[in-house]
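Trainee: need coordinates for the following:
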Amino acid sequence: MTYSPLIKQVFGTRAEKGPLFSFWTHFPQCDMDPEALAESSVENQKKFNLDFVKAAPNGMYTIEDYGVDVDFSEVPTGGVAKLVDTPFKTVSDWRKLEAIEPDAGALAREILSIRLMRQALPDVPIFFSSFSPMTTAAKLSGNRIREQLKDRDNAPLIHQALARIAATTQKTIAAAMEAGATGVFFAHQDTSRDLFSYDDFSEFVEPYDHEALLGAARAPFNILHIHGSSIRFKELLDYPVQAFNWHAWETTPSSSAGMLSSKRCVLSGIDRRSITENDIDALKSQVDASLAAADGLGDFILTPSCIVRAGFNEETVRQLSDYVHSFSFDN
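Mentor: Presented below is the predicted three-dimensional model:
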């Protein structure tokens with residue numbers, strides 16, 4: 001297996017030695033502080049010899065500046081942040097949603113963290129974490145927007161809200177690129193077929209994703225994370241990204257099938273559950289099988305299917321990283 005010129009350009013000499021590897025997690029004790037978050041991210045990269053860094057903001061950062069109340073108390077023990085209260089409960093509430101600028105509040109905090117990471121890691125690819133506008137709207141409304149879409153009379157107000165969220169997302173991504181990000185890690189939690197009909201996805205989701213991704217239009221390498229099961233993989237193939245990441249061990253398509261159909265780089269190969277279960281033998285088997293399956297199909301970067309929640313055993317990740325980096329293209 002060898003990498004394409006694009007991968008070698010983006011990832012440098014690391015891509016000439018052997019398979020690339022990374023993983024990402026949350027830092028709940030410090031992710032409200034840009035300096036502390038940057039420091040933890042840099043430490044993580046060096047500790048585990050990661051070939052790139054995915055920024056690790058808290059999962060609710062895109063809605064913090066809209067006046068919500070969020071409970072983060074369960075995140076340090078492997079749980080998730082929960083929306084406690086929001087000003088956007090009804091369709092009419094969308095009228096008061098404004099397009100905010102990324103020069104203050106939580107958005108500015110995350111951009112500063114990118115800038116600090118870039119200063120500390122001048123030669124390591126860094127990807128800014130962003131969310132689909134619909135994902136942000138769902139979080140902002142406590143998922144009420146999905147029910148609201150069933151009444152077509154609500155469409156104008158929902159379009160208005162999504163357009164404003166997309167504009168803010170686009171500006172935030174662009175600011176992160178200016179701060180030193182290599183590209184965007186565009187996380188999408190609304191592609192499962194049981195969440196939206198094909199028509200609703202085509203009208204309310206996809207167009208605003210493309211508007212948001214304009215913020216990274218000049219970036220050399222952007223990643224789409226497709227979260228969940230029963231994903232709309234085929235409908236996402238025209239997204240302007242260079243790589244895909246999805247729950248390949250938990251839903252179709254497989255990593256190799258995804259490579260073949262997308263003709264793009266795939267970030268996959270490692271079952272995140274094996275990390276949290278400290279199953280080293282399973283992880284090594286996954287690396288072996290994934291590299292063998294990907295050989296000759298295109299660019300493949302070994303990563304988990306999704307975020308590894310806080311509380312994992314560091315020694316497990318260290319052994320995984322050492323094993324991946326024991327492979328050499330010279331052999």
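Trainee: for the biggest helix by length in the chain, name the packing helices and strands.
Mentor: Longest helix in the chain, counting residues (DSSP state H): helix 155-179. Helices and strands touching helix 155-179, by 3 or more C-beta pairs under 8 Å, 6 or more residues apart in numbering; DSSP states H and E, are helix 105-120, strand 126-131, helix 133-140, strand 183-188, helix 206-213. Bear in mind the C-beta positions are built from the backbone N, C-alpha and C, glycine included.
Trainee: residue 282 is nearest to which of those?
Mentor: In terms of C-beta to C-beta, the element of the helices and strands packed on helix 155-179 nearest to residue 282 is strand 183-188, at 25.5 Å.
Trainee: what's in contact with the closest one?
Mentor: Strand 183-188 has contacts (C-beta atoms under 8 Å, 6 or more residues apart in numbering) with 54-55, 125, 127-132, 135, 173, 176-177, 209, 212-213, 215-216, 219-227, 236, 239, 241-242, 245.
Trainee: mark which of the residues you listed are buried, thanks.
Mentor: 54-55, 125, 127-132, 135, 173, 176-177, 209, 212-213, 215-216, 219, 221-227, 236, 239, 241-242, 245 (16 or more other C-beta atoms under 10 Å).
Trainee: hang on, the earlier thing: pick the most buried one from the helices and strands packed on helix 155-179.
Mentor: The highest average neighbour count among the helices and strands packed on helix 155-179, using mean count of other C-beta atoms under 10 Å, belongs to strand 126-131 at a mean of 27.
Trainee: please save the CA atoms from it in CSV.
Mentor: Taking C-alpha atoms only, strand 126-131 is exported to CSV below (Å, rounded to 0.1, in the frame of the first residue of the first chain):
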residue,chain,number,x,y,z
ILE,A,126,-5.1,19.8,12.3
PHE,A,127,-8.8,19.4,11.5
PHE,A,128,-11.4,21.8,12.8
SER,A,129,-14.5,20.1,14.1
SER,A,130,-17.8,21.5,12.8
PHE,A,131,-21.3,20.2,12.5
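Trainee: contacts for it next, please.
Mentor: If you take C-beta under 8 Å, 6+ apart as the criterion, strand 126-131 is touched by 52-57, 62, 110, 114, 117-118, 139, 169, 172-173, 176-177, 180-189, 212, 215, 223.
Trainee: mean confidence for that strand?
Mentor: When pLDDT is averaged along strand 126-131, the result is 98.
Trainee: parallel or antiparallel, list what pairs with that strand.
Mentor: Take DSSP bridges as the rule and strand 126-131 pairs in its sheet with strand 53-54 (parallel), strand 183-188 (parallel).
Trainee: by contact count, what packs against the very next helix or strand once past the first one?
Mentor: As assigned by DSSP states H and E, the chain's next helix or strand after strand 53-54 is strand 69-71. Under the contact definition 3+ C-beta pairs under 8 Å, 6+ apart, strand 69-71 sits against strand 82-85.
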